[in-house]
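Peer 1: based on what follows, work out the 3D shape:
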Amino acid sequence: MKNFNYIITDNEGIHARPAGMLVKLATTFTSKITIVKDGKDVDLKRILSVMSLGCKKGHTITITASGEDEDAAIEAIQLFLKENL
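Peer 2: Here you go, the predicted model:
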């Protein structure tokens, strides 16, 4: 299992467009991938779950991946977050 923390820097937080892109990226991996904010843990492969977290600028999220391609998943998601959020 691999994980990392990220602080949202985008002024709008995780809104619909980047959430959709993030979910699309997560679904390319076979690993179980979750996103946690304020103790609430949801599946990163489900857009409504991601949107339900209400991630805004300055919020800290934790991404966790567990499975055969967890290293690649973590690397790709970290890069996506840095470039988009």
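
Peer 1: shaky segments in the chain?
Peer 2: Within the chain, no range satisfies pLDDT under 70.

Peer 1: let me know the outermost residue of it.
Peer 2: In the chain, counting by Cα atoms, centre = their mean, residue 68 sits farthest out from the average C-alpha position, at 18.0 Å.

Peer 1: nearest residue to that one other than its sequence neighbours?
Peer 2: residue 30 (6.1 Å; Cβ to Cβ, 6 or more residues apart in numbering). Any C-beta I mention is one placed from the backbone N, CA and C, and that applies to glycine too.

Peer 1: show me what contacts the one you found?
Peer 2: 67-69 (Cβ atoms under 8 Å, 6 or more residues apart in numbering).

Peer 1: and the longest helix seen in the chain, which residues are buried?
Peer 2: For the chain, the helix with the greatest residue count under DSSP state H is helix 70-84. Buried residues in helix 70-84, counting neighbours by 16 or more other Cβ atoms under 10 Å, are found at 70, 73-74, 76-77, 80-81.

Peer 1: again with stretch 13-26
Peer 2: Buried residues in stretch 13-26 (16+ other Cβ under 10 Å): 13-14, 18-19, 22-23, 25-26.

Peer 1: likewise stretch 37-47?
Peer 2: Going by 16+ other Cβ under 10 Å, stretch 37-47 has these buried residues: 37, 42, 44-45, 47.

Peer 1: looking at those, which are in strands?
Peer 2: 37, 42 (DSSP state E).

Peer 1: one step back: which of the buried residues of helix 70-84 lies closest to residue 63?
Peer 2: Ranked by distance to residue 63 (Cβ to Cβ), those are led by residue 77 at 5.5 Å.
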